[in-house]
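Visitor: Test case, fold it:
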Amino acid sequence: MAAAAADFAQSKQAMSYALCKHLDRDPNSISSTLIKESDIASLFSHIVNNPQDEVKKWVEFSSNFASSDGEQHALLGNLNQHLSQMSVLLASGFIPSVADIVVFATVQVFMCHLSDSELQKYPNISRWMDYIQNVVDFGTSLQKINVTKSVFSPPPPSHPKKADKGDADPTSKKAVSGQKIADKSDGTAVSKKAAGENKVPGDKAIPASAKNDKPSGDKKKTPGKKTEGAAEKALQKSAEKDSECNVSILNIQVGVILKAWKHPSADSLLVEEIDLGAGNVRQVVSGLAKFFSPEELVNRRVVLITNVKPGKLRDVMSAGLVLCASNSDHTVVEPLIPPEGAKLGERISFAGFDGKPEDVLNPKKKQLDKITPHLRTDENGIATFRGVPFTTSAGPCRSSVPNADVK
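Guide: Predicted structure coming up:
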């Protein structure tokens, strides 16, 4: 732990850089001498004027953390508890404040030296830190903490198993059904024979073998064929229904927002220009105006469905759907965050759900309505389909909003 107990020179440099960026100031306006000679509270006061009382409390927390050798775990326990119901340190939103910046820069130097088992003691801090380090620019002073290792092995998908069971059941039902029909038919023939022989004993008797040789045998086969045909049609219909609810039909890709502006005729909508790499830039309309300003979305990496049918939303063309996590009362909404290192245009995959996406989704089939109820973030904020993570070559996509619906 000697490295973790070292001075916080890198933390102060990263904090100064991020605060200046957050406040639209030039990071070079803060001299390296001032950063080196100031403590955390003094440096913060030099950059941020008249902070709120709540912010001052977190600055005090950071100062105590940096100077309290041996008490960091107790302070982390308090921070972890505070973040159990919060996405960021202040208020109930999800936009980082200066408080998030100063606390992150302070605790990061300690957290990056913890073992995996020690990190697991602070799941809420790990979730928060992973979010902050991906949305706040700290320059190059701090190394990023990898908190995604524990979620790279997704649970076995339930979908293929259900399909196997569905394939087996119709076959067994056909066999049993065919047997019952045959037995019933044989029983009917025998009872009729017996009744005929008792009623008219004086008539010429038709040998039993002859009766059995009559075309009744053909009649027995007909119901079996009808049952088999109906079962095959039912199986085919079930397979088609399953395919419509399979996430593999969606083309979900990584993009970055180049521009964003207010919708000209709808206060709740924003229009974004999103780059998918290789010159593929498209316009998308999203209902994010109540949660983000256009400026906050610029240069933000997002995850979007790109094979929805293009159409106009209030007279503005939209050719995609940005996927967002939302809490239960819809007061917190934010776009999903692809991991650092995911390539623009990269398609999101789901273990166990292989297949090519449809060129364009058919709105009449309401495919999205069948799939989106199964899209959620888990307790760690990992985006999932039926418990299987949204996966890129650089790891899973996530959100700062745990246990949330994704639409």
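Visitor: ok, residue 314 - how many residues close by?
Guide: Residue 314 is flanked by 12 other residues according to other CB atoms under 10 Å. Using the backbone N, CA and C atoms, a C-beta is placed for each residue, glycine as well.
Visitor: Roughly how far does it sit from residue 262?
Guide: As for residue 314, its distance to residue 262 is 12 Å (criterion: CB to CB, to the nearest Å).
Visitor: Need the residues touching each of these two.
Guide: Counting by CB atoms under 8 Å, 6 or more residues apart in numbering, the contacts common to residue 314 and residue 262 are residue 269.
Visitor: Give me the residue at the spatial middle of the chain.
Guide: What sits nearest the mean C-alpha location of the chain, by CA atoms, centre = their mean, is residue 383, with 2.0 Å.
Visitor: in the sheet, who's paired with it?
Guide: The bridge-partner assignment for residue 383, based on DSSP bridges, gives residue 377.
Visitor: Tell me the pLDDT of it.
Guide: If you check residue 383, the pLDDT there is 95.
Visitor: next one: residue 310
Guide: pLDDT recorded at residue 310 is 94.
Visitor: now do the one 10 residues further on
Guide: If you check residue 320, the pLDDT there is 96.
Visitor: sec struct for the closest residue to it other than its chain neighbours, please.
Guide: Nearest residue to residue 320, sequence neighbours excluded (CB to CB, 6 or more residues apart in numbering): residue 284, at 4.1 Å. Secondary structure state of residue 284, per DSSP: H, G, I helix; E, B strand; the rest coil, is strand.
Visitor: Next: residue 304.
Guide: Secondary structure of residue 304, reduced to three states by three-state DSSP: strand.
Visitor: do you know how far the residue nearest to residue 320 is from residue 308?
Guide: Remark: distance between residue 284 and residue 308 (CB to CB) = 9 Å.
Visitor: Overlap in contacts, those two.
Guide: Listed contacts common to residue 284 and residue 308 are 319, 320, 321; contacts here mean CB under 8 Å, 6+ apart.
Visitor: Test my guess that the second one contacts residue 303.
Guide: No: look at residue 320 against residue 303 with CB atoms under 8 Å: they stay out of range, at 10.4 Å.
Visitor: picking that back up, for residue 395, see how far away the residue nearest to the centre of the chain is.
Guide: Separation of residue 383 from residue 395 (CB to CB): 11 Å.
Visitor: Mind checking the pLDDT average for the longest strand anywhere in the chain?
Guide: With DSSP state E setting the assignment, residue counts place strand 252-262 as the longest strand in the chain. Predicted confidence along strand 252-262 averages 96 (mean pLDDT).
Visitor: Tell me how far that strand lies from the chain's centre.
Guide: Centre-to-centre, strand 252-262 and its host chain are 18 Å apart (CA atoms, centre = their mean, to the nearest Å).
Visitor: Can you pull out the low-pLDDT segments for the stretch 1-150 of the chain?
Guide: Of all residues in the stretch 1-150 of the chain, those with pLDDT under 70 make up the ranges 1-7, 91-93, 147-150.
Visitor: can you list contacts of stretch 81-88?
Guide: 89, 92-97, 100, 124-125, 127-128, 131-132, 332, 400-401.
Visitor: Out of these, list just those in helices.
Guide: 100, 124, 125, 127, 128, 131, 132 (DSSP state H).
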